[in-house]
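1. Build me a structure from this.
(one chain, ligands or ions: 1)
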Amino acid sequence: TPTPSPTCSNSGPVVRKTPLITFLEILQQTALNTLGPKNFDPKLYVDLSLKSNLSITQSAFDDLPRTPNGSVSVTDFNGFIQSYFNGAGEDLVYTEPVDFVSEPEGFLPEVVNREVRAWALEVHSLWKNLSRKVSDRVLDRPEFHTLLPLAKPVMIPGSRFREVYYWDSYWVIRGLLASKMYETAKGIVTNLISLIDEFGHVLNGARAYYTNRSQPPLLSAMVYDIYTRTGDIDFARKSSPALLKEHKFWNSEIHSVRIHDAEGCNRTLSRYYAMWNKPRPESSTIDIETASKLMNDSAKQHLYRELASTAESGWDFSTRWMRNGSDLTTLATTSIIPVDLNAFILKMELDIAFLANVTGDCTISVHFQEAAQARKQAMNSVFWTAEMGQWLDYWLSNGTTCRGHTWEASNQNRNIFASNFVPLWIELFNSDCTLVEQVMQDLRSSGLIRAVGIATSLTNSGQQWDFPNGCAPLQHMIVEGLARSGSKEARSMAEDIAVRSIRINYVAYKKSGAMHEKYDVEKCGEFGGGREYIPQTGFGWSNGVVLAFLEEFGWPQDLNIDCN
Ligand SMILES: OC[C@H]1O[C@H](O[C@H]2O[C@H](CO)[C@@H](O)[C@H](O)[C@H]2O)[C@H](O)[C@@H](O)[C@@H]1O
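-> Residues are numbered from 1 along each chain as shown. As a prediction, this is how the structure comes out:
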């Protein structure tokens, strides 16, 4: 009989919340009560920084005149914010990237179409808009800020995302490499490593309220790509200890799950699991509202952990994680072993083995090659379904048996998500011609490939990680996996998807003057939407993927960039 592990229930770890965050959440709730829900973004309030001590600020807040039902007037509230806070984002200052030039030597040599080349240079110049440095004020008084100090400049995604994000940084770096901005790319990695040194993992984002979770682990992929471009062995060597530490984090007791498979072998895989059972501070008012449908505190705490764990997945939110696709309270992320997370950890193992080999550490290299083989077998055994030609997320029954769970085919989630094809990105899979043939056929008939890109899922739930939204990371991993497979047919399919994806970015940019976080893959030039916040522009990962695609496939003179 499987023994339920304590870490499979609600009783996992919870990191400490700072007094500043606690206060800013109260401020956030007051802002909602005072200003109303129209155009309300809860994250704004936890991004404010103090002008003076928290105790002084708190007592001024307590002294605000209140009506009998406890509300504050709009004038008093706005006056208080003005007097006691610096604006959100003011603790990050613009900085010109040291290695930015308006047209780098050897920039996108295969892009010959003049119109596309001019646009690519505009996208390249957006790095200047997204480049920031943490202000010295944060170093002087860290307790006044939720922003965390980082030594090197950062690239922010854009708009409300005014701090560095973990997995976004991978596609930002891919774009920076196309822009030949190697120093900036290395600086981003140095910052992320400093977070591992301090917290034991790369945070979701560089804010005090993100310490309770990570995001899809792509640090090794950043180091690998920078190393293969620059040959900087010292950089590879310096990064290695952090990668080993990160590998431990993703295989820790809370993240790892053991499955007894159909052949009678024990397999170990990983899941998302946030160290948190409270509302996410950046969305506190929203999470409290969602949880208000639940009756008891224990059910609420469980939901809060699921909400934060879903944010750890980068896919916040999606029917992928919900028992009932129209009810967010049925999120069950901690009871799911996700295909893409394990593909990322497999890549981490392969990258560590590669980098250790380069830096002459044979023991580590052999150890991680073996770990990669074991994970590949586990992924084949737990996720792969030949009949569908996809890897399927695996659901643990009732979420209580993460140790010694016995595999059952009925626990594979047969719904189609773009993440079912992410293993294609990993060389251990895309080097197998027969497998690529099969997966390619199934991707073609999956319904995910739409007029202007790959849809996230087939379910139109209104959540941002569902149909008809498509986002840059998913387009990129699937396209790159197909392109690198060595199959001519797969490369041509990859190029076809990349061209559609470049077009949607171009047309939307010309229409709106901005690059977008996500797009509607049904309508060329339309950006995507979805519940928790309004559509954002900027946008780090879209810029990165456009530049990476243009670098890989070029753009001939006679190919039309418009949609028709
Ligand atoms: O504030 C709500 C959530 O916002 C972030 O998630 C979304 O934006 C990120 C930055 O582009 C992206 O990495 C993530 O995939 C998006 O879903 C944040 O990461 C969440 O933790 C946060 O709750």
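2. And the closest residue to S239 other than its chain neighbours, how far from L192?
-> The shortest distance from S239 to any non-neighbouring residue, by C-beta to C-beta, 6 or more residues apart in numbering, is to V223 (4.4 Å). (C-beta placed from N, C-alpha, C; glycine too.) Going from V223 to L192 by C-beta to C-beta, to the nearest Å gives 10 Å.
3. Look at the two and report which has more neighbours.
-> Set V223 next to L192 and count neighbours by other C-beta atoms under 10 Å: V223 wins out with 28 against 25.
4. Quick check, pLDDT for that one.
-> The model reports V223 with a pLDDT of 98.
5. Whichever residue of the stretch 1-150 of the chain sits closest to the ligand: how many residues sit nearby?
-> In the stretch 1-150 of the chain, the residue that lies nearest the ligand is K43 (5.1 Å; C-beta to the nearest ligand atom). Residues lying near K43 (other C-beta under 10 Å) number 21.
6. can you check W395 too?
-> Around W395 there are 17 other residues, counting by other C-beta under 10 Å.
7. does it have beta-bridge partners, and which?
-> I336 (DSSP bridges).
8. Next, the contact list for it, please.
-> By C-beta atoms under 8 Å, 6 or more residues apart in numbering, W395 lies in contact with A332, S335, I336, I337, N411, Q412, N413.
9. make it 7 Å
-> S335, I336, N411, N413 (C-beta atoms under 7 Å, 6 or more residues apart in numbering).
10. Correct me if wrong: the residue of the stretch 1-150 of the chain closest to the ligand contacts E282.
-> Yes - K43 lies in contact with E282 (C-beta atoms under 7 Å); the separation is 4.4 Å.
11. Contact residues of the stretch 151-300 of the chain facing the ligand?
-> Proximity of the stretch 151-300 of the chain to the ligand, by C-beta under 6 Å from any ligand atom, involves residues P157, F161, Y165, W167, D168, N204, G205, R280, E282, S283.
12. For the second one, which residues are in contact?
-> With contacts defined as C-beta under 7 Å, 6+ apart, F161 is in contact with Q536.
13. hang on, the earlier thing: so which strand or helix has the residue nearest to S239?
-> helix 219-230 (DSSP states H and E).
14. so after that helix, what's the next helix or strand?
-> Assigned by DSSP H and E, the successor of helix 219-230 is helix 233-250.
15. What count of nearby residues applies to the residue in the chain that the ligand sits nearest to?
-> Going by C-beta to the nearest ligand atom, the ligand is nearest to A311 of the chain, at 3.4 Å. A total of 26 residues lie near A311 under the criterion other C-beta under 10 Å.
16. you'd agree it is in a helix?
-> Yes - counting by DSSP: H, G, I helix; E, B strand; the rest coil, A311 is located in a helix.
17. which residues touch it?
-> By C-beta under 7 Å, 6+ apart, A311 lies in contact with N204, R213, R280.
18. Just the pLDDT for the last one.
-> Per-residue confidence at R280 stands at 98 (pLDDT).
19. pretty sure it contacts I288?
-> No - using C-beta under 7 Å, R280 makes no contact with I288, being 10.2 Å away.
20. Run through the residues that contact Q215.
-> Going by C-beta under 7 Å, 6+ apart, the list of residues near Q215 reads Y165, Y166, W167, N204, E312, G314.
21. Got phi/psi on the residue sitting furthest away from the middle of the chain?
-> What lies farthest from the middle of the chain is P68; by C-alpha atoms, centre = their mean that is 43.7 Å. Reported as degrees, to the nearest 10, the phi and psi values for P68 are phi -60, psi -30.
22. Show me what the helix or strand of the chain with the lowest mean pLDDT is packed against.
-> One helix or strand of the chain scores below all others by mean pLDDT, DSSP states H and E: strand 405-406, with a mean of 92. Counting contacts by 3 or more C-beta pairs under 7 Å, 6 or more residues apart in numbering; DSSP states H and E, strand 405-406 is packed against strand 256-260.
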